[in-house]
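Colleague: One predicted model, sequence on top.
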Amino acid sequence: MLHEHFGHSMTDIVDKATRSRMMARIRGKDTKPELAVRKALHAMGFRYRLHGKDLPGRPDIILPKYRLVIFVHGCFWHRHPGCAFAATPATRPKFWNAKLEGNRRRDVEKQKALRDLGWRVITVWECGIRHDPEDLMRQLAVTIQNGKVFEADFPSTPPFPKQK
């Protein structure tokens, strides 16, 4: 079984080699959600840098003027708490739990390091972009300009909660 989604199990319909090729093609940067956020930020007049190699965690988007970084996270890969898209695959759950938990732990460490360097950190979750991109971008713009907010998640509550 490949994964559980909304409480349903699915059997993998491709062989192991094909699945491996498919997983290897998943992009780490310039993903569709990231491109959507970048396009919206640019349209709102924000200027940014990309994939800061000089910063902990290589943030996806850096807004130096606002001393702010944005991570655009896939709900599955970064374990969005309570989100239906963050389900653990039924195949090799021990492997996946360790891998995905490692991603989550690394995210926490890198974001703390950024905050320690004086950066504000925003995480934009893939499900929010899928659900209501216009509202999410409005909230994001307000948060960017509000120098008081030090850390934020968009959306803070997943629009697609896990089913019990």
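Modeller: Thanks, I have it.
Colleague: where does the protein dip in pLDDT?
Modeller: The chain contains residues with pLDDT under 70 at 1-14, 16, 18-29, 148-151, 164.
Colleague: how about the helices of it, start to end?
Modeller: Using DSSP state H, the helices of the chain run over 16-24, 32-43, 75-78, 93-116, 126-131, 133-145.
Colleague: Any chance of those in CSV with mean neighbour count and distance to residue 52 as columns?
Modeller: Any C-beta I mention is one placed from the backbone N, CA and C, and that applies to glycine too. Shown next, in CSV, are the helices of the chain (neighbours: other CB atoms under 10 Å; distance: least, CB to CB, whole Å):
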stretch, mean neighbour count, distance to residue 52
helix 16-24, 10, 25
helix 32-43, 16, 14
helix 75-78, 20, 18
helix 93-116, 14, 10
helix 126-131, 21, 21
helix 133-145, 16, 16
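Colleague: Format these as TSV; extra columns: distance to residue 63.
Modeller: TSV is the format used below for the helices of the chain (distance: least, CB to CB, whole Å):
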stretch	distance to residue 63
helix 16-24	32
helix 32-43	8
helix 75-78	20
helix 93-116	13
helix 126-131	18
helix 133-145	6
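Colleague: For residue 69, find the nearest of the ones you listed.
Modeller: The closest of the helices of the chain to residue 69 is helix 93-116. By CB to CB, the value is 5.9 Å.
Colleague: What helices and strands are in contact with the closest one?
Modeller: strand 68-73, helix 75-78, strand 120-125 (3 or more CB pairs under 8 Å, 6 or more residues apart in numbering; DSSP states H and E).
Colleague: Kindly recompute the last result at 6 Å.
Modeller: Packing partners of helix 93-116 (3 or more CB pairs under 6 Å, 6 or more residues apart in numbering; DSSP states H and E): helix 75-78.
Colleague: Tell me how far the helix it packs on lies from the chain's centre.
Modeller: Offset of helix 75-78 from its chain centre (CA atoms, centre = their mean, to the nearest Å): 6 Å.
Colleague: of all the helices of the chain, which lies closest to residue 66?
Modeller: helix 133-145 (5.5 Å).
Colleague: May I have that closest one as PDB, with CA atoms only?
Modeller: C-alpha atoms of helix 133-145 as PDB (Å, rounded to 0.1, in the frame of the first residue of the first chain):
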ATOM      1  CA  PRO A 133      -4.300  31.100  -2.700                       C
ATOM      2  CA  GLU A 134      -5.700  34.700  -2.800                       C
ATOM      3  CA  ASP A 135      -6.500  34.800   0.900                       C
ATOM      4  CA  LEU A 136      -3.200  33.200   1.800                       C
ATOM      5  CA  MET A 137      -1.300  35.800  -0.200                       C
ATOM      6  CA  ARG A 138      -3.200  38.700   1.400                       C
ATOM      7  CA  GLN A 139      -2.300  37.300   4.800                       C
ATOM      8  CA  LEU A 140       1.300  36.800   3.800                       C
ATOM      9  CA  ALA A 141       1.600  40.400   2.500                       C
ATOM     10  CA  VAL A 142       0.300  41.800   5.800                       C
ATOM     11  CA  THR A 143       2.600  39.600   7.800                       C
ATOM     12  CA  ILE A 144       5.700  40.600   5.700                       C
ATOM     13  CA  GLN A 145       5.000  44.300   6.300                       C
END
